[in-house]
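Compute the structure for the input listed below.
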Amino acid sequence: MNSTVRDVIAIRFIAVVVVAFATQTGFCQQQPTVGETASRSSAQPDAEQTPSRSPVAAGPLRVQRDNPRYFTDDSGKAVYLAGWNIWSNNQDGFGTGWEHGWGDSFDFNAYLDDLVVNNLNYIRLWLYETAKVEFPDGVGVYRGSTPDIPVPNPWQRTGPGVAADGGLKFDLTKYNQEYFDRVRSRVAAAGKRGIYVSVMLFEGFSIRSGTNEGHRSLPFHPFHAANNINGINGDPNEDGDGPELHSLSDPAITKLQEAYVRKVIDTLNDLDNVIYEIANESYGTAEWQYHMIRLVRAYEAQQPKQHPVLMSAAGAITNEHLEASPADAIAPARKGSREDYIVNPPATDGKHVVIADTDHMGWNRFRNDKAKGRAWAWKNFTRGYNASLLIVIPDKAGWNEARRALGDTRSLATRINLVAMTPRNDLASSEYCLADAGKAYLVYLPSGGNASVDLSAASGELAVEWLNPSTGKSQRAKAVYGGVRRDFKASFGGDAVLYIHANRED
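Below is the predicted model of the structure:
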């Protein structure tokens, strides 16, 4: 990304937790802006200046048995994932035709710096399967006429013959080692910073070219008949769209995809900070994704380490498909007002780890609205979600605020006993409450003001703390006794976080 763009992405990280905790963790220290961290060389970051954090704990993630809303590692503690991502964080030239201005070559080290200073620990590492994306007429969000040229691609371009984009045709039995080396180096670099990586195996928009899409991807896909030397045809009905590529309809295609997935696993298996995401917003079948989930499980069962698998909604994949899936984690899509994960996310039920990813639920809905961006982070946290924010354009107030708020939620998550905390809408008048009834209650008040909290299960004295999400200031209030429902009132305006807990926190 160019220096001008980097400099405008600046955000100062402000604490939301209590002062004692902030002092202990360095949470309230003045942080460098993204522009400041990004100005260093992406190839060789300065060890003395680059923000640092301990590597991920030993052992791959697995679903926490006692509270399956979260992952855990060898520590047994709940691992709450929160982070942000952008399309171009893996392949160069991916997303430059979209109105986001990140530049042709993404500065991955600066990106990791930003995650660290904002106290975040999760990214999606994107893959665009196609070799080129065209944007006819600048439709919708596709503002530019310049095509995307995502490189490197997983498959080798050997020829003979010329593909639709003017390059050599692909040999789908041979891999481009540059791609796999890049993925490994970026996942390893993230792990050293304490960041988990959802590695995208396939991508739904790469197989589309419908007239309503505003872009053309399928004609340049390696599995399109015009672009490979293997006789593979990803558009057998020649309708210009490729959902067949993400289905089990052609055994030859499936066999090649299976070999590619095994190659990715061979590349990453020894790393602990890996999650495998089958596909972003696929327009194929759920059965194909289930097949790939089972493939990852079966192949990794023969390997030294086993990693969790994520399945995402949107495209042709519904939330019902996710709920029925064998995936460890799911990322649902907005489903009208009943399941609006921006405004009123339903409480998680503990059947899967659930990641609230704005990419699937209206990524543009609060880009300039700081209050709504901050509320999205806290609402999803207090309803039992992990969270992932898609930031498409730098320096948008709502996205900056949401990013900061996610770091605040993660800091608080490391303080509380998250394994014991579950969504309890019934215990707080605001209906946003994580609780270990009798021991700890974390309540979000989207409109601030008063809150009534049912402390019937608690006995003895309870500490009370108010956290102001918009300013980072916190204050202790007068202690209360449990055994009854009690009313509380914030001393500041705007949204508020109330934390009530036994004086001793285990």
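
what packs against the helix or strand hosting Leu434?
Element membership for Leu434, per DSSP states H and E: strand 433-436. Counting by 3 or more Cβ pairs under 8 Å, 6 or more residues apart in numbering; DSSP states H and E, the packing neighbours recorded for strand 433-436 are helix 370-382, strand 422-423, strand 440-445. For every residue, glycine as well, the C-beta is placed using N, CA and C.

Which secondary structure element is home to the most centrally placed residue in the chain?
Nearest to the geometric centre of the chain sits Ser388, at 3.3 Å (Cα atoms, centre = their mean). Per DSSP H and E, Ser388 falls inside strand 386-390.

can you check Ser325 too?
Going by DSSP H and E, Ser325 is not part of any helix or strand.

Same question for Thr158.
Taking DSSP H and E as the criterion, Thr158 maps to strand 155-162.

Look up how far Glu287 lies from the closest residue to Arg334 other than its chain neighbours.
Leaving aside its sequence neighbours, Arg334 sits nearest to Met361 (Cβ to Cβ, 6 or more residues apart in numbering; 4.1 Å). Note on Met361: its distance to Glu287, by Cβ to Cβ, to the nearest Å, is 24 Å.

Looking at the two, which is more packed in?
Met361 (24 against 11; other Cβ atoms under 10 Å).

State the distance from Val309 to Val353.
10 Å.

can you map out the strands along the stretch 151-300 of the chain?
Ranges of strands within the stretch 151-300 of the chain are 155-162, 168-175, 196-203, 274-280, based on DSSP state E, counting those that start in this stretch.

Which one of those lies nearest to Thr409?
Closest approach to Thr409 among these is made by strand 196-203 (15.8 Å; Cβ to Cβ).

okay, now Gly493: neighbour count?
So Gly493, with other Cβ under 10 Å, has 11 neighbours.

wait, is it part of a strand?
No - going by DSSP: H, G, I helix; E, B strand; the rest coil, the assignment for Gly493 is coil, not a strand.

related to what we said a few turns ago, a markdown table for the helices and strands packed on strand 433-436, including mean pLDDT and distance to Ile86?
Output for those, formatted as a markdown table (pLDDT from 0 to 100; distance: least, Cβ to Cβ, whole Å):
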| stretch | mean pLDDT | distance to Ile86 |
| --- | --- | --- |
| helix 370-382 | 97 | 16 |
| strand 422-423 | 98 | 29 |
| strand 440-445 | 98 | 27 |
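
Turn these into CSV, including mean neighbour count and distance to Asp357.
Shown next, in CSV, are the helices and strands packed on strand 433-436 (neighbours: other Cβ atoms under 10 Å; distance: least, Cβ to Cβ, whole Å):
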stretch, mean neighbour count, distance to Asp357
helix 370-382, 24, 10
strand 422-423, 20, 18
strand 440-445, 25, 20
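
Just put these in JSON lines and tack on distance to Gln156.
Below are the helices and strands packed on strand 433-436 laid out as JSON lines (distance: least, Cβ to Cβ, whole Å):
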{"stretch": "helix 370-382", "distance to Gln156": "41"}
{"stretch": "strand 422-423", "distance to Gln156": "48"}
{"stretch": "strand 440-445", "distance to Gln156": "51"}
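
Ok, which of these comes nearest Ala347?
Once those are compared by Cβ to Cβ, strand 422-423 is nearest, at 3.8 Å.

one step back: ok, the residue nearest to the centre of the chain touching Trp363?
No - using Cβ atoms under 8 Å, Ser388 makes no contact with Trp363, being 10.5 Å away.

Quick check: Asp328 vs Met311, distance?
Asp328 sits 9 Å away from Met311, going by Cβ to Cβ.

When the two are compared, which one has more neighbours?
Neighbour count, other Cβ under 10 Å: between Asp328 and Met311, Met311 has more, with 26 against 21.

Now do the contacts for that one.
277-278, 289, 293, 317, 321-322, 325, 327, 329-331 (Cβ atoms under 8 Å, 6 or more residues apart in numbering).

go with 6 Å
Shown in contact with Met311 (Cβ atoms under 6 Å, 6 or more residues apart in numbering): 278, 289, 322, 325, 327, 330.

same deal with Ala58?
Taking Cβ under 6 Å, 6+ apart as the criterion, Ala58 is in contact with Asp74.

do the same with the one 3 residues further on
With contacts defined as Cβ under 6 Å, 6+ apart, the neighbours of Leu61 are 71, 308.

hang on, the earlier thing: Val309 and Val353: which has the busier surroundings?
Neighbours were counted for Val309 and for Val353 using other Cβ under 10 Å; Val353 has more, 29 against 25.

quick one, phi psi at the closest residue to that one other than its chain neighbours?
Distances taken as Cβ to Cβ, 6+ apart put Ala329 closest to Val353, at 3.9 Å, once the chain neighbours are dropped. Phi and psi for Ala329, reported as degrees, to the nearest 10, are phi -130, psi 150.

Count the neighbours of Ala329 for me.
Ala329 is flanked by 26 other residues according to other Cβ under 10 Å.
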